[in-house]
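Take a look and give me a structure for this.
(one chain, ligands or ions: 1)
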Amino acid sequence: MKDEQSPLVIIVSNRGPFSFQQEEDGTFSHQRGQGGLVTALAGVIDHYDVLWVAAALSEDDEKWAIAHDDQPQEIEGTRLQLVRLPKEAYDLYYNVIANPLLWFIHHQMWNIPRKPDIDKSTWAAWHDGYKTINRVIAEAVAPHVNAAERQVVVLPQDYHLYLFPYFLRGLIDNPKVQIQPFIHIPWPGPDSWRLLPAEMRTPIFDSLLNADRIGFQTERDAFNFVQTCRFHLPDAHSRGSRNSIEYQGRKVHAASYPISIDVDKLQTLTEEAETRLLKSRLAGIASDNKIILRVDRIEPSKNILRGLQAFRELLETKPQYRGKVQMLMLLVPSRMDVEEYQSYLQAVMAEAGMINAEFSDSFWEPVRIIVGNNYPRAIAAFQLYDVLLVNPIADGMNLVAKEGALVNERNGVLILSENAGAVYELGEHALVINPFDIHSTALAMDQALKMSAAERETRADAMRRQVLDANVRMWFRRQLDDAVAAIRNAEKPKKATKKATPSN
Ligand code: GDG
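Purely as a prediction, here's the structure:
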């Protein structure tokens, strides 16, 4: 049941919750969108009055938008508006600026003597792509904000929309609005931003400070943001605060809202026939081997290659595991038109092939890679692992770690990077590693594989409880509660303040 008194919530994201396909008879069918963000948000919005505004990503999405006069339509209980965007500008925004430039800065993935190389074409992409798309999306959202006669909470999602708050602020006149971006990826410290020219980074910080509150995955990210603004914007002051910035007469909060998973939905999914079938297939592949699992998008920041190198070291130094342990890797294709991603996949395949060539025997394949997009298969695999390897170079949160902890049936051990946001909630019960340290990762694999049943159970129980206690609904609710409280606070008549007396 939606609460009529509740605010209008406008989620704004690059990728929407549904994609469309036009059938031969001209009607449209739809499919749920993919990705961590859509999965997380799709699970929680049913209870709110939500308008979701996203980019029309395909030709059929555009046709769907045209068929509905570019107005919102209700799809499975969600009001959705897809914004048609100039194609060339979209390509520059997405494939030159957002991914890879901003993504690489956030995950610190540079090979600095060579990259980033910000040349004339990057500048053109900034002006004609990133700025343009952010402005056009803000223009699509503004009329909804202005027409609403009640509180409005605008939730732009992630690094694709950094300039959106600036453009939106210039277009709206509704005082009962809170602009509250959420940033899903890690926010690096001030020095990392020196890789971006001041004429790019300053508008990003300035735009975000046009918001009222900015949500981050962890306190570390929120603190890094405050520090970044202090260092790079001469007019920004934190006045000793770790989580707010005063800038141009406004106070902007940096808050942490660790994202989580939809516990009920995930548990239901484990019961479905398809998941069960996939589970028995995967169990068959692993035979009676212990499973070291990883589930990731094919993404250099996930550190897949070092994970394999650690497994190689394990097999080299501890021959007792040969024939007894299999590394199962479910890899989801991602950004396959970006050169770095293609060559990364090639390197991963080559390393896995080399390990198999060196160690396999007639009955045992040390590494098994399954490439493809199949969420139920990932859920099936989570139930089966003995060890889950989550070793990203940097990761905002990492939902895989939480999903695994919830549904695993073998009291599996989590090996977790100290640079994943999830480490703050799960680290105490996981084996925490430095993601660059291949040797220690191999030692952690050994420790996990020989850990006593009692210790595995204690750790797994604690992680499961932690995930059960922090559902994704809470993540969403907390953001809305804070936004509504801020609007109410702003509406309260201001008490006359005493004139400050100069002190010594
Ligand atoms: C970004 C941030 C942050 C697995 N196989 C398939 C599939 N999955 C699911 C996983 C998980 C999701 O995709 C991936 O989420 P992660 O959090 O692990 O990683 P990112 O995609 O990088 O997500 C991250 C997240 O946003 C949310 O804020 O935690 O730090 O980088 O749920 O189980 N999904 C589909 N097909 C598969 O084959 N569709």
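
Got the phi and psi for the residue in the stretch 51-200 of the chain that the ligand sits nearest to?
The minimum distance from the stretch 51-200 of the chain to the ligand, using C-beta to the nearest ligand atom, falls at H184 (3.6 Å). C-beta here means a position set from N, CA and C on the backbone, and glycine is covered the same way. Main-chain torsions, H184, degrees, to the nearest 10: phi -80, psi -20.

tally of neighbours for it?
H184 has 23 neighbouring residues, counting by other C-beta atoms under 10 Å.

How about L233?
17.

Going forward, count from 19.
Will do, 19 is the new start, and the previous item becomes L251.

My understanding was that it contacts D224; is that so?
Yes. Using C-beta atoms under 8 Å, L251 makes contact with D224 at a distance of 7.0 Å.

Which neighbours do those two have in common?
Residues touching both L251 and D224 (C-beta atoms under 8 Å, 6 or more residues apart in numbering) are Y265.

Check the residue of the stretch 69-218 of the chain closest to the ligand and give its pLDDT.
Note for H202: predicted pLDDT of 96.

Then the one 4 residues further on?
Among the per-residue scores, P206 holds a pLDDT of 97.

so what's it up against?
Counting by C-beta under 8 Å, 6+ apart, P206 has contacts 123-124, 126, 242, 246, 412.

For the chain, which residues are neighbours of the ligand?
The chain comes close to the ligand at residues 52-55, 57-58, 202-203, 277, 313, 315, 350, 391-393, 396, 413-418, 421, as judged by C-beta under 6 Å from any ligand atom.

what residues are up against Q327?
Contacts of Q327 (C-beta under 8 Å, 6+ apart): 369, 456.

ugh, wrong one, L251
220, 223-224, 227, 265.

so D88 touches W82, yeah?
No. D88 is beyond contact range of W82, at 10.1 Å (criterion: C-beta under 8 Å).

okay, these two: which has more neighbours?
W82 (23 against 14).

Which pLDDT value goes with the more buried one?
Value for W82, per-residue pLDDT: 98.

That one belongs to a helix?
Yes. Checked against DSSP: H, G, I helix; E, B strand; the rest coil, W82 lies within a helix.

can you tell me how far the spatially closest residue to it that is not a sequence neighbour sits from the ligand?
Spatial nearest neighbour of W82, excluding adjacent residues (C-beta to C-beta, 6 or more residues apart in numbering): F38 at 4.1 Å. In this view, F38 and the ligand are 17 Å apart by C-beta to the nearest ligand atom, to the nearest Å.

Which residue would you name as the spatial centre of the chain?
For the chain, the residue nearest the mean C-alpha position is H202 (4.2 Å; C-alpha atoms, centre = their mean).

what's the spacing between that residue and H86?
29 Å (C-beta to C-beta, to the nearest Å).

again, but for N242
41 Å.

try R168
For R168 relative to H86 (C-beta to C-beta), the value is 24 Å.

With Y275 instead?
In terms of C-beta to C-beta, Y275 sits 32 Å off from H86.

between the two, which one's more packed in?
Using other C-beta under 10 Å as the criterion, Y275 and H86 rank with Y275 on top: 20 against 14.

does the more buried one really touch G233, like I thought?
Yes. With contact defined as C-beta under 8 Å, Y275 and G233 form a contacting pair (4.7 Å).

quick one: common contacting residues for the two?
With C-beta under 8 Å, 6+ apart as the test, Y275 and G233 both reach 200, 497.

Poorly predicted segments of the protein, please.
19-23, 52-55, 61, 512-522 (pLDDT under 70).

Secondary structure element holding the closest residue to A304 other than its chain neighbours?
Distances taken as C-beta to C-beta, 6+ apart put Q344 closest to A304, at 5.3 Å, once the chain neighbours are dropped. Following DSSP states H and E, one finds Q344 within strand 343-350.

Which positions within that strand qualify as buried?
343-350 (16 or more other C-beta atoms under 10 Å).
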